[in-house]
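Q: give me the fold of what follows.
(one chain, ligands or ions: 1)
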Amino acid sequence: MIENISTRSVKSRVLSLFAVAGLALLFFLGNPSQSNTADNFQWVAINVNANPRQQADAHLLRFPSGRYFLIDAGRSGEFIVPALKQRGVKRLEAVIISHVHKDHYGGLLAIQQSGIEIGTVYRNLPSREGCGREVPWGCDLQDIDSIFSTIFRLGIPVKTIQTGETLHQEAKHSLDVLAAFAQKSGEYEAPSVNDMSAVLRLSAGNRRILFTGDLDSPGGDEILRRGIDIRADVLKAPHHGCEGLVSEAFLEMVAPRWIVVPAPTNLWNQPRCRRVKDFATRHRIPLLVNAIDGDITFEVTQDEIAVFTQFGPILSGLTR
Ligand SMILES: [Zn+2]
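A: Model (predicted):
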């Protein structure tokens with residue numbers, strides 16, 4: 001409860017700071033569903049956390065060409081399929097599964113079965129031993145094998161995410177894989193499935209959004225050690241904003257202006273989500289949380305960023 005109040009107070013401070021300029025921009029933008037201007041990039045952190053007891057991740061990207069990509073597919077079809085239908089999504093160029101935990105891939109087949117076309121599926125498979133160690137936390141190789149082989153049988157290419165590859169590029173926009181650690185001997189071996197999370201950077205002009213799956217501190221530290229450029233305007237918080245997410249040093253290096261947390265109410269109110277709240281409060285960074293804000297939409301237009309929750313605009317535009 002205390003945490004929610006402090007989150008709100010950060011928001012209201014920022015809201016008053018930006019109120020005048022924000023309202024001016026909103027006058028033009030209206031709301032996200034009406035602002036289909038051709039050169040906008042849009043990201044919706046879909047609220048797949050509406051069940052207070054179950055966390056999940058699903059992020060819909062719409063490029064200026066109208067092409068859609070999905071990063072993670074929710075835990076089941078329950079929230080993700082209606083959200084995609086409501087937005088008129090008929091085809092996803094690719095679905096990128098950040099790592100193979102059920103709360104990130106569970107909705108994949110339901111999306112395909114709902115009639116939405118899928119171009120390619122990307123994923124990063126753990127070793128048999130690596131997955132075996134995590135059976136109690138939900139690593140299920142049988143389920144993973146069955147889902148990805150069904151996808152493959154349906155004629156959808158299934159590819160392994162590779163560090164350094166560009167998954168999409170158009171005009172001033174690109175989606176790049178900064179890291180996707182494997183569990184192979186002879187190279188850096190991710191100690192957990194979370195640490196295999198694909199870390200993706202979306203660039204829209206000079207603006208950047210960092211997607212981190214459930215990256216934990218060992219994987220985050222390896223990224224820092226390699227000197228990978230993770231600076232971003234917006235951070236999709238790793239591991240639902242809760243322990244053992246990446247270190248303080250990682251958050252400092254990203255230096256985000258907004259943090260988006262895909263967490264449900266029960267998880268978000270636990271003490272193990274304290275660290276990201278403290279970080280945001282200390283740096284006066286607005287936190288946007290599925291549990292509080294529902295669907296969260298970012299619109300990047302002409303280098304400006306506008307933010308909308310399901311319940312209305314939060315603040316808009318402008319470099320801080
Ligand atoms: Zn997760």
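
Q: which ones are touching residue 178?
A: 163, 199, 200, 201, 210, 223, 228, 229, 230 (CB atoms under 8 Å, 6 or more residues apart in numbering). The C-beta positions use only the backbone N, C-alpha and C, and glycine is treated the same way.

Q: could you count how many residues lie near the residue of the stretch 201-320 of the chain at minimum distance from the ion?
A: Closest residue of the stretch 201-320 of the chain to the ion, CB to the ion: residue 214 (4.3 Å). Residue 214 has 27 neighbours, counted by other CB atoms under 10 Å.

Q: from what I can see it touches residue 241, true?
A: No: Residue 214 is beyond contact range of residue 241, at 10.5 Å (criterion: CB atoms under 8 Å).

Q: let me know the pLDDT of residue 7.
A: At residue 7, the model reports a pLDDT of 45.

Q: nope, residue 140 is what I was after
A: 91.

Q: which residue packs closest to it, ignoring adjacent ones?
A: residue 102 (7.0 Å; CB to CB, 6 or more residues apart in numbering).

Q: OK, contacts around the one you found?
A: Residue 102 neighbours (CB under 8 Å, 6+ apart): 75, 138, 140, 143.

Q: go with 7 Å
A: Neighbour list for residue 102: 75, 138, 140 [criterion: CB atoms under 7 Å, 6 or more residues apart in numbering].

Q: wait, which of those residues is closest to residue 188?
A: Checking the contacts of residue 102 against residue 188 with CB to CB, the nearest one is residue 138 at 23.4 Å.

Q: show me which residues of the protein sit near the ion.
A: The chain has residues 103, 214 near the ion, with proximity defined as CB under 5 Å from the ion.

Q: so which of the contacts of residue 102 are in helices?
A: Applying DSSP state H to the contacts of residue 102, no entry is found in helices.

Q: and the helices in this protein, which stretches?
A: Under DSSP H, the chain gives helices at 2-29, 77-86, 102-105, 108-113, 128-132, 141-153, 217-225, 248-254, 265-268, 274-283, 290-293.

Q: what is the fourth one packed up against?
A: Helix 108-113 sits against helix 77-86, helix 141-153, with contacts defined as 3 or more CB pairs under 7 Å, 6 or more residues apart in numbering; DSSP states H and E.

Q: low-confidence regions, the stretch 101-250 of the chain specifically.
A: Low-confidence regions of the stretch 101-250 of the chain, defined here as pLDDT under 70, do not occur.

Q: repeat that for 80
A: Along the stretch 101-250 of the chain, the parts satisfying pLDDT under 80 run over 137-138, 185-186.

Q: ranges for the strands of it?
A: Here the stretch 101-250 of the chain has its strands, by DSSP state E, counting those that start in this stretch, at 117-123, 158-160, 166-170, 173-179, 199-204, 207-211, 234-236.

Q: strand partners (parallel or antiparallel) of the second one?
A: I take that to be strand 158-160. With DSSP bridges as the test, strand 158-160 is paired with strand 117-123 (parallel).

Q: tell me the angle of the strand it pairs with relative to strand 173-179?
A: Here strand 117-123 points in a direction 30 degrees away from that of strand 173-179 (axes from the mean of the first three to the mean of the last three CA atoms, to 10 degrees).
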